[in-house]
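Trainee: quick one, what's the 3D model for this:
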Amino acid sequence: MAAFCCNISPIIVFFLFFISSVFPVRSSVNFNDTHQKFRPVDESKKLKFIKAHLTKINKPPVKTIQSPDGDIIDCVLSHQQPAFDHPQLSGQKPLDPPDRPNGQLPRTRMFEENSQIWSMSNEFCPQGTVPIRRTSEKDFLRASNVKRFGKKLRNPIRRDSSTNGHEHAVGYVSGDEYYGAKASINVWAPRVSNQFEFSLSQMWVIAGSFGDDLNTIEAGWQVSPELYGDNYPRFFTYWTSDAYQATGCYNLLCSGFVQTNNRIAIGAAISPTSSYNGGQFDISLLIWKDPKHGNWWLEFGNGILVGYWPSFLFTHLRDHASMVQFGGEIVNSQSSGGHTQTQMGSGHFAGEGFGKASYFRNLQVVDWDNSLVPLSNLRVLADHPNCYDIQGGVNKVWGNYFYYGGPGKNSRCP
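Mentor: This is a model prediction of the structure:
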């Protein structure tokens, strides 16, 4: 396996700095302050707001499934899911599947595809419905900002990149027109040190100037105690068309993403997960732009269409993406005074390799001809390599790949 590292593009540095500056980290005290600043201050009005929002996003189910992990999965009629609250989708139904990209790589048998914990009950949602993880009042009350529940926080004040709290180890391509991306992402259950930190591994499909017009489509897995109330790795999606300000949300927590599948629940826990020197499990994700209608579709696993982001949600992404990024991100709140012990990936450095370090493999992008093609200019970047690092390579089985991650606080990352 050939390892490499390329020169760092100023574009990716700016993107990571931008993401970090719009999602600054707050201490636990500041999170409590956010609750105290909630307007109206009166607790009963706050609870009334939460109840109204829960009524909006929790649609009436035709069937309910109790997951072994405590989640409640509601089977909601497809045309009644939150997406169809959007004025431009009102009265419509989900679209039929589009043509898939050409050039799919043959699947390898040495890795097992992950499932979701809720499906272990052997109950599924009927045809014509979609499974939606029910949101509870407790989910809202954990949020650092109740009014922005389900959205990434934005702060217009930019901070120095060495203290902003978001740390990344990523591979990326830029400088061309991209119409999608695909990767297989190793799934672990990294330790997250406190409720207000997270650890994720995902793909970003990006367009815009990295100002207020930034467009992103995102999918992967994350451990987020604040959002979900536990430490399970969960399949998630996100989108924004205005740099995480007013538009977009996680999963199905707003009108936007249209789900078409009755067997995958966005926001549900993934199982099994990988273990050190043990079994390795990954999820394959494909995002691509339908050449006919222009919508961005999401595929999970071996040909399972999850749904799509309508093209009208976006500005720049109505045409194409200008950057694709793969990798890990954590939040370092420094709540104990030093670096967090929140892990990225497996919690081990890239140099430990297969079975020990987490990986992305078979990285591809979709070109103008709706064909999946190998990456020609993958660059890798870790912005705090003593805490979390990354090593890339190419071989005949994995194509473009990289190992990434780390333990956080250690002797070289105090």
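Trainee: what about the nearest residue to residue 191 once chain neighbours are set aside, neighbour count?
Mentor: Leaving out its chain neighbours, the residue that sits closest to residue 191 by Cβ to Cβ, 6 or more residues apart in numbering is residue 343, at 4.9 Å. Just so you know, the C-beta spots here come from the backbone N, C-alpha and C atoms, and that holds for glycine as well. Neighbourhood size, residue 343 [other Cβ atoms under 10 Å]: 25.
Trainee: please pull out the lowest mean pLDDT helix or strand from this structure.
Mentor: helix 28-36 (a mean of 40; mean pLDDT, DSSP states H and E).
Trainee: quick check: next helix or strand after it?
Mentor: helix 43-57 (DSSP states H and E).
Trainee: wait, isn't residue 69 in contact with residue 117?
Mentor: Yes - if you go by Cβ atoms under 8 Å, residue 69 and residue 117 touch, sitting 4.7 Å apart.
Trainee: out of the two, which sits in the more crowded spot?
Mentor: residue 117 (19 against 16).
Trainee: could you pull up the residues touching that one?
Mentor: Residue 117 makes contact with 67-69, 71, 232, 268-271, according to Cβ atoms under 8 Å, 6 or more residues apart in numbering.
Trainee: go again using 10 Å as the cut-off
Mentor: 67-71, 232, 234, 265, 268-272 (Cβ atoms under 10 Å, 6 or more residues apart in numbering).
Trainee: what separation do you get for it and residue 166?
Mentor: Noted for residue 117: a distance of 28 Å to residue 166, by Cβ to Cβ, to the nearest Å.
Trainee: can you check residue 126 too?
Mentor: Distance, residue 126 to residue 166, using Cβ to Cβ: 41 Å.
Trainee: those two: who's more crowded?
Mentor: Neighbour totals were compared for residue 126 and residue 166, and residue 166 leads with 20 against 10 (other Cβ under 10 Å).
Trainee: my guess is the more buried one contacts residue 342, does it?
Mentor: No - with contact defined as Cβ atoms under 10 Å, residue 166 does not count as touching residue 342 (11.4 Å).
Trainee: now do the shared contacts for these two.
Mentor: With Cβ under 10 Å, 6+ apart, residue 166 and residue 342 have common neighbours 198, 330-332.
Trainee: out of those, flag the one nearest to residue 121.
Mentor: Nearest to residue 121, judged by Cβ to Cβ, of these is residue 198 at 27.0 Å.
Trainee: give me the nearest residue to residue 249, chain neighbours excluded.
Mentor: Closest to residue 249 by Cβ to Cβ, 6+ apart is residue 150, at 4.5 Å.
Trainee: I'd say the one you found and residue 257 touch.
Mentor: No - counting by Cβ under 10 Å, residue 150 sits too far from residue 257 to count as a contact (11.9 Å).
Trainee: does the residue nearest to residue 249 belong to a helix, a strand or coil?
Mentor: What DSSP: H, G, I helix; E, B strand; the rest coil gives for residue 150 is coil.
Trainee: and residue 255, by the same measure?
Mentor: Secondary structure of residue 255, per three-state DSSP, is coil.
Trainee: need the contact list for the closest residue to it other than its chain neighbours.
Mentor: Spatially, and ignoring its direct neighbours in sequence, residue 255 is nearest to residue 86 (3.8 Å; Cβ to Cβ, 6+ apart). For residue 86, the contact set (Cβ under 10 Å, 6+ apart) comprises 92, 254-256, 258, 310, 312-313.
Trainee: how about 8 Å then?
Mentor: With Cβ under 8 Å, 6+ apart, residue 86 has these contacts: 255-256, 310.
Trainee: what are the phi and psi angles of it?
Mentor: phi -70, psi 130 (degrees, to the nearest 10).
Trainee: before we move on, back to that, buried among the contacts of residue 117? Need that as a selection in ChimeraX.
Mentor: Applied in ChimeraX, the following selects the buried portion of those according to 16 or more other Cβ atoms under 10 Å:
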select :67,69,71,232,234,265,268,269,270,271
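Trainee: what two of the contacts of residue 117 are the furthest from one another?
Mentor: 70 and 272 (17.9 Å).
Trainee: how close does the residue nearest to residue 178 when sequence neighbours are not counted sit to residue 167?
Mentor: Take residue 178 and drop its neighbours on the chain: the residue closest to it by Cβ to Cβ, 6+ apart is residue 321, 4.2 Å away. Taking Cβ to Cβ as the measure, residue 321 and residue 167 are separated by 24 Å.
Trainee: which one's more surrounded, these two?
Mentor: Higher neighbour count among residue 321 and residue 167: residue 321, with 30 against 26, using other Cβ under 10 Å.
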